[in-house]
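In: the sequence isn't on hand, but the structure is:
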């Protein structure tokens with residue numbers, strides 16, 4: 001058992017060997033990493049539990065990427081990776097940031113940076129769904145008009161960002177932004 005514990009600790013220590021060790025430990029076929037994206041509306045993901053990590057899990061996305069997740073120490077985890085619900089927030093921020101940057105670039109605005117800070121509240125009882133999510137955008141660029149930024153955020157929130165639209169079914173989602181010159 002000691003050897004397995006040492007292996008799981010090493011999974012997150014040496015960046016160059018992380019992927020190979022995780023693949024080996026989870027019995028994931030490396031050829032899957034070269035998979036082509038699927039056409040249509042279907043997405044898939046396989047999540048493998050890594051028992052040596054306590055409550056650690058490794059997700060393999062349909063596009064061939066790996067994502068590690070772990071639980072808090074008090075829940076049997078080892079705090080080696082983000083919690084699954086943290087990855088939901090990160091994915092949501094990434095989804096809306098992608099939209100906002102793309103909308104601004106298509107509008108020929110000179111956006112040079114975008115950071116989204118997310119804060120949230122969850123229900124006290126199970127299922128502990130998100131009840132409030134606030135997305136604060138910090139954008140940098142040359143002469144970015146506040147109206148264009150506000151419009152891009154609204155378009156993402158109302159029309160394009162699947163994650164925020166889906167989470168809005170249980171959570172009040174609010175946004176704010178600030179602009180800094182590049």
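Out: Looks like it came in fine. From a predicted model like this one, the values you see are computed outputs, not experimental measurements.
In: need the next SSE after the longest helix seen in the chain, C-terminal direction.
Out: Looking across the chain with DSSP state H, the single longest helix is helix 84-106. Downstream of helix 84-106, the next assigned helix or strand under DSSP states H and E is strand 110-122.
In: buried residues in stretch 123-133?
Out: Buried residues in stretch 123-133, counting neighbours by 16 or more other Cβ atoms under 10 Å, are found at 130, 133. No exception for glycine: its C-beta is placed from N, CA and C like everyone else's.
In: cool, stretch 61-75 as well?
Out: For stretch 61-75, burial by neighbour count (16+ other Cβ under 10 Å) applies to 61, 66, 67, 68, 69, 70, 71.
In: gap between that stretch and the chain center?
Out: Distance of stretch 61-75 from its chain centroid, counting by Cα atoms, centre = their mean, to the nearest Å, is 10 Å.
In: now do the same end-to-end measure for it.
Out: 25 Å (Cα to Cα, to the nearest Å).
In: with stretch 119-126 instead?
Out: OK, stretch 119-126 end separation, Cα to Cα: 20 Å.
In: and if you look at stretch 99-112?
Out: 14 Å.
In: hmm, who's touching that stretch?
Out: Contacts to stretch 99-112, defined as Cβ atoms under 8 Å, 6 or more residues apart in numbering, come from residues 114, 137, 139-145, 148-149, 151-153, 155-156, 160-161, 182.
In: which parts of the chain are helices?
Out: Per DSSP H, the chain carries helices over the ranges 2-10, 15-26, 84-106, 146-155, 162-167.
In: rewinding a little: from the contacts of stretch 99-112, which would you call buried?
Out: Among the contacts of stretch 99-112, the ones that count as buried (16+ other Cβ under 10 Å) are 114, 137, 139-141, 144, 148-149, 152-153, 156, 160-161.
In: of all these, which two lie farthest apart?
Out: Greatest spatial distance among these (Cβ to Cβ): 140 and 160, at 21.6 Å.
In: mind checking how far the residue nearest to residue 73 when sequence neighbours are not counted is from residue 178?
Out: Residue nearest to residue 73 in three dimensions, not counting chain neighbours: residue 79, with 5.5 Å by Cβ to Cβ, 6 or more residues apart in numbering. Using Cβ to Cβ, to the nearest Å, one gets 32 Å for the distance from residue 79 to residue 178.
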